[in-house]
Structure formats: structure tokens, C-alpha cells
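Asker: please work out how this folds:
(one chain, ligands or ions: 2)
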Amino acid sequence: MKYKKLFESIEIGDVELKNRIIFPPISTNFATLDGHLTEKYIRHYERRAKGGVALIIVENVCIDFPLARHGKFEARIDSAEFLQEWKELVKRVHKYDAKISVELTHDGYMEKNVNGFSADKIEEILGKYVTAAEIAFKAGFDMVEIQAAHSLLPNKFLSPLTNQRNDKWGNRTEFAIEIRKRIGNKLGYNFPVTVRLAVDDFKEGGIDLNEGKRIADILAEAGYDMIQADIGLGPKEKRLEPMAYEQGWRSYLAEKIRPLPVPVTAVGVIRTPEIAEKILEEKADLVVLGRTLIADPDWVNKVKERKEHLIRKCIGCSECIKARHDEDVAIRCGVNPNVGNEEEIAEAKEKKVVAVVGCGPAGLEATRIAAERGYEVHLFCKEFGGQLNIASIPPGKEKLRWLIDYYRNVLKGYSNIIIHEGEYRRKSIMAIEPAGAIMATGAEPFVPFSIVEDMVYVYDKILYGTIKFKNKSIVVAGGGLVGCETANFLAKNNKITIVEMLEEIAPGVETVTRNHLINELKEKGTKIMTKRKVIDIKKGEIILENTGNGQREKIKCDAIVVATGGKPHNPFIIDGISNYVVGDAKEVRKIVDAVREGYMAAKEV
Ligand SMILES: Cc1cc2nc3c(=O)[nH]c(=O)nc-3n(C[C@H](O)[C@H](O)[C@H](O)COP(=O)(O)O)c2cc1C
Ligand code: SF4
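Answerer: Numbering: from 1, shown residues only. Ligands and ions are numbered 1, 2, ... in the order given. Coordinates of the predicted model:
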């Protein structure tokens, strides 16, 4: 068996897990504003249980309402009022032979450190952990998890940067030990309590890995039944990694805190079964697949059935993080339009011939869904993957190719898809006599300047390598995502200046990803000029207007690369039938919009 370790059982305390795969807490914002569970919330976890995972740890829940609420839509487990809802969730997950835990979370009232907490307050908070654990126990949860990483309250007690107390709580492990002891005393030690532990703060003067190992030893000794090796106070980027991060990059954290008498988990960008199996062979007892199972809830069953080529891998586009952290709305997924719905695609009653024109993410998703509904689908395709091909070229964007591979593999499984390669022609589309057409013809570069020969180039030529530069001084006109990524691509071998009209570059991009990109550009010496309007372009120079002070500036350069985004390309519609225009062909946006619109159109057509 290729993935032997992944499918070995293991015990956490006395609770047996059927395999080594955990779905970790990923806050969804699917609960209500007053902390109640919704059908959407329950279905989300039920669906992941159905997909074969051994243990689900429900996202952070509030144990001290309202002052220690961590997120606007955080579910509550602080009162018996919520018991029935939790019971329902547990029942629905247990149906699939999955075990279920819940992450008890306290944000410490957002205090910077724990120095100001009175002894009485600490006692009161400890009581809240016990109450929450008791509700979880009564609801039938198999265990609970204490969130002691990511700057939450127990993390702040553990870290020397945030705990300088002189009383017994100044013994930094005491708070976490006491939580374990009190839950054990109340519910018995047969009810496992696990900990998501900051084994490295990733911050100067904080918990380092030696200290993390010491803390892990103490907490295992104190009775915690599993330790999740995670990250503490430091930058968000380390725990909500942008696309560029390598698979399994932080599994060394689990390795370094071993050996321990209890199981240790590894987390972070584990996307393929090969990497997961290797981590289990060398570094950890269990693997934690977060966004991996958001993108594809059937990951585990697909691996078990050796259909791993059909996995829809998380590409790291950070749409889920943008929704949760930047917008505080229900999470969404760039590649899985079914997050939050978890609906089954039903066979269509009436069989139709459907044309899908364009094979970028919108067209490919539309093709998949229309085929799943049993239609005869004709996919008109110029370049399989569409703009994903060019978007995957800049540094750190390689994972976008995973989405192309997914569609290539999954579409092969349908005998009712006919692919027509080549230019899109109305005549060829009409010839199949479609009942409906989904137009997913994408976008083309938007070029607002006249092209001065041997001086001005459009970004697609650069990324595709038609034009190559080395040791040149180049101005990239346009500081949106495409401009920044083109600049990043060129910056390895050239001196780059980005010129942008707006006040900032990469606006609207998820914060962690944006910061990562800007840091990378700065590290490569890229100059960023915002609030600059292009006035004129001549051979060897560009003239700008500083919209802040109205002054003109002249920049000498060898070339100007235009990367001012795209404009919809929608060459025609077919008369007399229903037409759906989706993705960039409708309005230039992101993968998440393309996939969702392709999905919706194919459901409707
Ligand atoms: C949208 C989102 C919400 C998250 N919410 C939580 C949370 O509630 N509690 C928590 O401990 N970690 C949370 N995490 C972190 C994940 O549990 C996980 O550690 C992280 O995503 C890295 O694993 P992955 O690469 O498999 O996703 C969240 C991550 C994401 C992407
Ligand atoms: S939204 Fe993007 S980062 Fe989040 S799970 Fe989906 S593919 Fe991964």
C-alpha cells in the first residue's frame, strides 16, 4: 500500500482514530452573530467527516461571551443554552465514523500581555474553560482542544514576551497545566484534552524551539493527550501562509519537539499525499490538513481509493483568509465553489447539448458541472487553463498549475465531454446546435498607452518569455496584482520601478499575501512610485505626473512594461439560445469569481 502510514489507526488518550488525518480549526463565520450554530455550519463539518478524515477539530469557539469573543461570528460554548446545537453537530459528524473535538478559545480580552490580570480574574477564566469542556463532554464530543498558539491567552501566559508576572502564574506553563488539571478533575482523565501549542513564537525574545520543546515536555507530563506543534505570537504569514510557501515547510516544528509520550501533529501547507506520508514517516504522528480539506473535502477518500490525481488541491489563493480576516464574512474558496453550500449536483431531467466557449477556470468549472449533470458538453478550447497558464509563471505562483492539472484529470473521467481545439468560431459552435452556451472567453491585456516600438511591451510577452531582459532598467506601468507580479518576475535580473496611479500597490489583495509580495519586491530592490500618472513615453524615458503635488518627473529607462490589467474579451453571443457570460469575459476579476460563475451557470443552463 502506497500510503501505509496515512491510513494507520492511532490513539489519542483512549480514543481511537481510524487514520492519521486531522481537519483543524478553520473559522468559517458560518455561525450567527449571537453565537448559534446554523445548518450551514453543521453541514460544513458533516461534509468533511463524510470525506474520510479521522478527527475534526471544530473552529475556535467562545468560552467567555461577549468580552473574549474572537471574531464576529464565533459560535458559543459558554452556556448550556447551546448544548442541543452542539449535540446535533456531533451526531452528524459521528455518522461517518469520524471523531470530533472543539477548539476552546480565549483571546484574553485582547490585552497585550497577561501581567495585568488579577488572580481572581485568572480563576474566573479557568472556570470558563471547565464549563466549556463540560458542555462539550455532554454534547458527545470525543475530546476538546485548548488553543495555546496564535497569540491567544494561553500562548500569552507561555511566552516570555507577554508574561513577566511575579506570582505563581509567572511560571509560564502554570496556566496551561491548570486548565488540563481542572478539566481532568471535573470530567476524568479518560476524556482527552489536546493542545494547539506555540512551540515557536517566531519573534525575537519569545518562545524559540528549545523552549517550545521544554514546554511540550511539561504539558505532555501534565496530561495533555496530543500536541499540535504550531506557531505563537509572530507574524500571521507564518501560520496563514501565502501561495509561495513550500509544502510542509514547518513540519520540522513537530519533529523537534519529539520524542514525546503523546502523539504530535504537523501542520502547514500539506497538500499532497506524498508529502503527508513522508511527514508521517519522519517527523510527526498525525498530519493536519486545513485549507487542503476546504478545497477538497474528499481528499482522504480520494487518496484511500488511489484517485489522488482527482484531488482539487488548495492553491493558496487566500480567498478564505480574505473573507475571514479582512472582510469578516462567511468563508469562500477560490477553487471550491461549494464551500458553505455542500450541495450534491443532481442529474438534469432533460438532456441537452451545451456549448462552453473558453477553457480558463470559469469554462473548465462550467464544463465539469454541466457534464456532471449529464449534458452533452462541447468545450471550445484555445489554451487549456486559459489565463491560469500565464498567472502561474511569476515566482511563487506555480501552485496555480495544480488547478489546470485538476481539470485536465477530472474532465477525462466524463465520456459526455467533447473538446474542440482551436480558435472560437460562431459557425462551429452553431453547428452543434446547443440549447445553451456558456461564454468564458476570458480577458485580454488592457493597454492604455500607445506602443512605442522597442520601448513599450505588454506584460504577457514578458511572462511568456517572448521578450527577455537582463540587467536593464525597466518601468512597470501598473501596480495592481498583475503589475506587481510581473515586476517580481523581472526583478531577479533587472532594476525595476513600479509606477501606479493609486495611493497603494496591489490594492484589494488579501493582507498577508500583499505584505509578502511587497516585502519580496523591496528585497529585490524594486522602487515603488504611487500616485503617479503616465503623461508621456519616449524612447529611453517616461514622463510622470505626481498627482499628490502636480509635479512632473522624468525617469530614464531601457523599457516600459505595461501591466495595467485586462479587459473582458467576449467576441460574440449565439442568437436564439440562452447565453451565460462568466468569469473575466463578464468582468475582469479573480479565480474565485470565475470558478463560482462557471459553476452557477452550469447549474442553471
Ligand atoms: C480561513 C482560516 C481560518 C482559520 N481559523 C482558525 C481557527 O479558528 N483556529 C485555529 O487555531 N486556526 C485557524 N486557522 C489555521 C488553520 O487551522 C491551519 O493551522 C492553517 O490554515 C495551516 O494549515 P493549512 O495550510 O493546512 O491550511 C485558520 C486558517 C484559515 C485559512
Ligand atoms: S480559498 Fe484559496 S487558500 Fe483558501 S482553501 Fe481555497 S484554494 Fe486554498
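
Asker: in this structure residue 420 contacts residue 428, no?
Answerer: Yes - the criterion here is Cβ atoms under 8 Å, and residue 420 meets it with residue 428 at 6.3 Å. Backbone N, C-alpha and C define where each C-beta goes, glycine included.

Asker: any common contacting residues for these two?
Answerer: residue 380 (Cβ atoms under 8 Å, 6 or more residues apart in numbering).

Asker: the nearest residue to residue 569 once chain neighbours are set aside is in what secondary structure piece?
Answerer: Counting by Cβ to Cβ, 6 or more residues apart in numbering, residue 444 is the residue found nearest to residue 569 once chain neighbours are left out, at 4.6 Å. Assigned by DSSP states H and E, residue 444 falls within strand 443-445.

Asker: can you name the next helix or strand after that strand?
Answerer: Counting by DSSP H and E, what follows strand 443-445 is strand 456-458.

Asker: quickly run through the sheet partners of that following strand, with directions.
Answerer: strand 559-562 (parallel) (DSSP bridges).

Asker: C-terminal to the strand it pairs with, what's the next element?
Answerer: Assigned by DSSP H and E, the successor of strand 559-562 is strand 566-568.

Asker: for that next one, what does the pLDDT average out to?
Answerer: Average pLDDT, strand 566-568: 95.

Asker: list the buried residues in that strand.
Answerer: Neighbour-count burial for strand 566-568, counted by 16 or more other Cβ atoms under 10 Å, picks out 566, 568.

Asker: ok, and what's touching the helix or strand just after that strand?
Answerer: Downstream of strand 566-568, the next assigned helix or strand under DSSP H and E is strand 578-581. Here strand 578-581 makes contact (Cβ under 8 Å, 6+ apart) with 366, 435, 436, 437, 438, 439, 570, 573, 601, 604, 605.

Asker: verify the stated contact: the third one with residue 357.
Answerer: Read that as residue 436. No - at 11.3 Å, residue 436 does not count as touching residue 357 under the criterion of Cβ under 8 Å.

Asker: give me the more crowded residue out of these two.
Answerer: When residue 436 and residue 357 are compared for neighbours, residue 357 comes out ahead with 32 against 20, by other Cβ atoms under 10 Å.

Asker: any idea how far ligand 2 is from the more buried one?
Answerer: Separation of residue 357 from ligand 2 (Cβ to the nearest ligand atom, to the nearest Å) stands at 25 Å.

Asker: quick check: which element contains the nearest residue to that residue once chain neighbours are set aside?
Answerer: Excluding its sequence neighbours, the residue lying closest to residue 357 (Cβ to Cβ, 6+ apart) is residue 380, at 4.6 Å. Using DSSP H and E, residue 380 maps to strand 376-381.

Asker: following that strand, which helix or strand comes up?
Answerer: helix 388-391.

Asker: ok, and what's touching that following helix?
Answerer: So helix 388-391 is contacted by 360-361, 383, 397, 400-401, 403-404, 460, 463-464, 485, 591 (Cβ under 8 Å, 6+ apart).

Asker: in JSON lines, list those along with pLDDT.
Answerer: Shown next, in JSON lines, are these (pLDDT from 0 to 100):
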{"residue": "360", "pLDDT": "98"}
{"residue": "361", "pLDDT": "98"}
{"residue": "383", "pLDDT": "97"}
{"residue": "397", "pLDDT": "98"}
{"residue": "400", "pLDDT": "98"}
{"residue": "401", "pLDDT": "98"}
{"residue": "403", "pLDDT": "98"}
{"residue": "404", "pLDDT": "98"}
{"residue": "460", "pLDDT": "96"}
{"residue": "463", "pLDDT": "97"}
{"residue": "464", "pLDDT": "96"}
{"residue": "485", "pLDDT": "97"}
{"residue": "591", "pLDDT": "98"}
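
Asker: hmm, back to that, who's the residue nearest to residue 357 bridged to?
Answerer: Under the criterion used (DSSP bridges), residue 380 bridges to residue 357, residue 420.

Asker: spell out the secondary structure type for the nearest residue to residue 528 once chain neighbours are set aside.
Answerer: Among residues not flanking residue 528 along the chain, residue 498 sits closest, at 5.0 Å (Cβ to Cβ, 6+ apart). Three-state call for residue 498 (DSSP: H, G, I helix; E, B strand; the rest coil): strand.

Asker: hmm, residue 498 is touching residue 485, no?
Answerer: No - counting by Cβ under 8 Å, residue 485 is not a contact partner of residue 498; they are 10.8 Å apart.

Asker: the two: which has the busier surroundings?
Answerer: residue 498 (28 against 25).
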